[in-house]
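1. Sharing a sequence plus its predicted fold:
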Amino acid sequence: MQSDFAERGHNEKLERPKQRCSAQLRQGDYPMSVVIKTPSPDEISIEALQQRDEISKQLDKVVKERNDLRSVRNR
């Protein structure tokens, strides 16, 4: 069974529904994919905050290592 992409050919554009500027939309008209629910502070778990902090520390470490390597290379 061929996919839709294969049937159309790779040069043919896929049909997309025309979207109006958001200024022209009324509040109830937004497609569901646009609605992003921001969790309330009660819903953010301590574990998630700890994971974020850990990832942030790891990222800082990697960036520092990269910068150290760049400074050595540029001497």
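-> Here it is on my side, so go on.
2. separation between residue 58 and residue 64?
-> 11 Å (Cβ to Cβ, to the nearest Å). Heads up, the C-betas are built off the backbone N, CA and C, glycines and all.
3. Residue 38 now?
-> Look at residue 38 and residue 64: by Cβ to Cβ, they are 31 Å apart.
4. With neighbour numbers in mind, choose between those two.
-> Just comparing residue 38 and residue 64: by other Cβ atoms under 10 Å the higher neighbour count belongs to residue 64, 10 against 6.
5. mind checking the longest helix of the chain?
-> helix 46-73 (DSSP state H).
6. helices and strands of the chain: which one bottoms out on pLDDT?
-> Of all helical and strand segments in the chain, the minimum by mean pLDDT, DSSP states H and E falls on helix 4-8, at a mean of 53.
7. okay, now residue 65: neighbour count?
-> Around residue 65 there are 10 other residues, counting by other Cβ under 10 Å.
8. Roughly how far does it sit from residue 74?
-> Taking Cβ to Cβ, one finds residue 65 at 15 Å from residue 74.
9. again with residue 66
-> From residue 66 across to residue 74, the span is 12 Å (Cβ to Cβ).
10. So for these two, which residue has more residues nearby?
-> Of the pair residue 66 and residue 74, residue 66 is the one with more neighbours under other Cβ under 10 Å, namely 10 against 6.
11. Could you report the pLDDT at the more buried one?
-> Looking at residue 66, its pLDDT reads 93.
12. Pull stretch 42-49 out as PDB, backbone CA atoms only.
-> Provided in PDB are the C-alpha atoms of stretch 42-49 (Å, rounded to 0.1, in the frame of the first residue of the first chain):
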ATOM      1  CA  ASP A  42      -0.100  23.300  41.700                       C
ATOM      2  CA  GLU A  43       0.300  20.900  38.800                       C
ATOM      3  CA  ILE A  44       4.100  21.400  38.500                       C
ATOM      4  CA  SER A  45       5.600  18.600  40.600                       C
ATOM      5  CA  ILE A  46       8.700  19.000  42.700                       C
ATOM      6  CA  GLU A  47      10.200  16.100  40.800                       C
ATOM      7  CA  ALA A  48       9.800  18.000  37.500                       C
ATOM      8  CA  LEU A  49      11.500  21.100  39.000                       C
END
